[in-house]
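**Student:** what's the 3D shape of this:
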Amino acid sequence: MTYNLLKGKKGIIFGALDNKSIAWKIAAKAHEEGAVFTLSNTPVALRFGEINQLAEQCDAVVIPADATSVKDLENVFVRSMEILGGKVDFVLHSIGMSLNVRKQRNYDDVDYDFFQKTIDISALSFHKMLQVCQETGCHQ
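**Tutor:** A predicted model of the protein is given here:
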């Protein structure tokens, strides 16, 4: 059952990869509740994931971006406002990735450079998004 709780709301959803990801499930539910939004993930994730299926299901545009790149984030926010016809009501940061885990490194064999990249992707990118959103004037 839907209640149109998000009817007329516009947003950007970062991090949907496949139907197991949190961002995917939120996007599907937001669409069901009437929201319109763009989707974003890294170019690599776009090749390995199934985000285009979600985009088709939700009638959304996918904008590739590396969340650690301010330039890429600026592009996502500016293009999203163009596509959605104005400022956004919500942004979902559902991004997390550990190179140490992905490379199957043991806890006692952590690669420091991988760890720094993990922090940049999983945590600092949230702050970069907030800053870019503020600077581009994307929020209501």
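**Student:** The top helix by length along the chain: which residues count as buried?
**Tutor:** Assignment by DSSP state H gives helix 70-84 as the longest helix of the chain. In terms of neighbour count (16 or more other CB atoms under 10 Å), helix 70-84 has its buried residues at 72-77, 79-81, 84. No exception for glycine: its C-beta is placed from N, CA and C like everyone else's.
**Student:** which strands and helices sit next to it?
**Tutor:** In terms of contacts (3 or more CB pairs under 8 Å, 6 or more residues apart in numbering; DSSP states H and E), helix 70-84 is packed against strand 10-14, strand 36-40, helix 125-136.
**Student:** With respect to burial, which of these scores highest?
**Tutor:** strand 36-40 (a mean of 26; mean count of other CB atoms under 10 Å).
**Student:** Can you give the distance of stretch 19-36 from its chain's centre?
**Tutor:** What separates the centre of stretch 19-36 from the centre of its chain is 12 Å, taken as CA atoms, centre = their mean, to the nearest Å.
**Student:** Residue 80: what's it in contact with?
**Tutor:** By CB atoms under 8 Å, 6 or more residues apart in numbering, the residues touching residue 80 are 12, 37-38, 63, 88, 138.
**Student:** Save these as CSV, and put in pLDDT and distance to residue 121 too.
**Tutor:** CSV is the format used below for those (pLDDT from 0 to 100; distance: CB to CB, whole Å):
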residue, pLDDT, distance to residue 121
12, 98, 17
37, 98, 21
38, 98, 20
63, 98, 17
88, 98, 22
138, 93, 21
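**Student:** CA atoms only: put the helix or strand encompassing residue 44 into CSV for me.
**Tutor:** Using DSSP states H and E, residue 44 falls within helix 43-48. Backbone C-alpha positions of helix 43-48 (Å, rounded to 0.1, in the frame of the first residue of the first chain) are rendered in CSV as follows:
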residue,chain,number,x,y,z
PRO,A,43,31.6,4.5,-13.1
VAL,A,44,33.1,1.2,-12.0
ALA,A,45,30.0,0.3,-10.0
LEU,A,46,27.8,1.2,-13.0
ARG,A,47,29.6,-1.4,-15.0
PHE,A,48,29.4,-4.1,-12.3
